[in-house]
Structure formats: structure tokens, C-alpha cells
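Visitor: the sequence and its predicted three-dimensional model are supplied below.
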Amino acid sequence: MVEAAETVVRDYYEALREGDPLAPYFLEDDSTVKFGIEESLFGYDEVADALRSQTETTMDWTVTSGRLVVEERDSAAWFADEVRMAWTDAESGDEREFESRWSGTLVPSPARTDASADGPTADPDPHWRFATMHVSTPRRLE
């Protein structure tokens, strides 16, 4: 059974809440981009390093989806959501909370091959990965 892109988005939210590794949800490619509230990350290595640091320095995450919309095609998917998120800084104990907007694109991970007696075969169950993610907080123009 092919895992739906929406399931991957919801699983990512849950991994964030649980303090689980987040880098595996991203495409391992130089073209991967993640924009956060205070950061711009280009390439999988930068994204993975920042996510590892985030997981190590934060705790008690709340992630509440408000309007998740996901559309999926054979080779791409995209999502948008309004998310209330909150966490505690593990070092200072300071609590942070934001109403935020999330959007991004997902692509199937490159097909894995399985060396069998019949030769390599493509994995029939691609796992969607974030190729781009944008998290921002709405701000009123004055």
C-alpha cells in the first residue's frame, strides 16, 4: 500500500511533538529547502543539522493543525496548513508559542532497489519526503 502524502505530514507533526528525529522526513538532496520562522536552510545537510539541533534544544512541543489541505499527484504533492505551535526551550525553560502557516512540496523518495534473483526491482511503496517546507508567522502590516 502506498503511503499517502497527508499521512506523512501528520506523522511529521507527531514526530515533532514526540521529539523524534525529523530529518528522515526530508529529501536527501542539495535542492531541499526549509524556511522557518527565523531561518533559511538550503540543502539537506543544513536542514538535517538544524532539525537535530532543534530536537536537542527544545521540548514539550504542541502542534495543532487547523486547516490542513493536501493534494497529491503521481510525482509530487503539496500541502498548506494553519498550525498553532508551542514549545519549551530546554536550556532556559522559556516557553514560545506561535500561530503559524505551513506549506511545502513533497516528492516520492528515489526508488530503492532490491537485488534479487530476478535483478533489481523498484520499491512499489514510495515514501513521500519534503522537498520544500515553509513555516511563517502572520504579521499585520502597519
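Guide: Thanks, I have the structure now.
Visitor: show me the beta-bridge partners of W78.
Guide: W78 has these beta-bridge partners by DSSP bridges: E71, T105.
Visitor: thinking it is in contact with V107, fair?
Guide: No - look at W78 against V107 with Cβ atoms under 8 Å: they stay out of range, at 10.2 Å. (Each C-beta comes from the backbone N, C-alpha and C, glycine too.)
Visitor: show me where pLDDT drops low in the protein?
Guide: Residues of the chain meeting the criterion pLDDT under 70: 1-2, 111-126, 140-142.
Visitor: show me where it has its helices.
Guide: For the chain, the helices defined by DSSP state H cover 5-18, 44-57.
Visitor: next, format those helices as a markdown table and append mean neighbour count and distance to T32.
Guide: A markdown table is the format used below for the helices of the chain (neighbours: other Cβ atoms under 10 Å; distance: least, Cβ to Cβ, whole Å):
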| stretch | mean neighbour count | distance to T32 |
| --- | --- | --- |
| helix 5-18 | 18 | 14 |
| helix 44-57 | 16 | 5 |
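Visitor: want to try JSON lines for those, with distance to A131 as columns?
Guide: Formatted as JSON lines, those follow (distance: least, Cβ to Cβ, whole Å):
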{"stretch": "helix 5-18", "distance to A131": "11"}
{"stretch": "helix 44-57", "distance to A131": "10"}
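Visitor: W78 and V107: who's more crowded?
Guide: Shown here are W78 and V107; by other Cβ atoms under 10 Å, V107 has more neighbours (19 against 16).
Visitor: contacts only, for the more buried one.
Guide: By Cβ atoms under 8 Å, 6 or more residues apart in numbering, the residues touching V107 are 27, 75-77, 128-129, 131.
Visitor: any idea how far T64 is from it?
Guide: Distance of V107 to T64, given as Cβ to Cβ, to the nearest Å: 26 Å.
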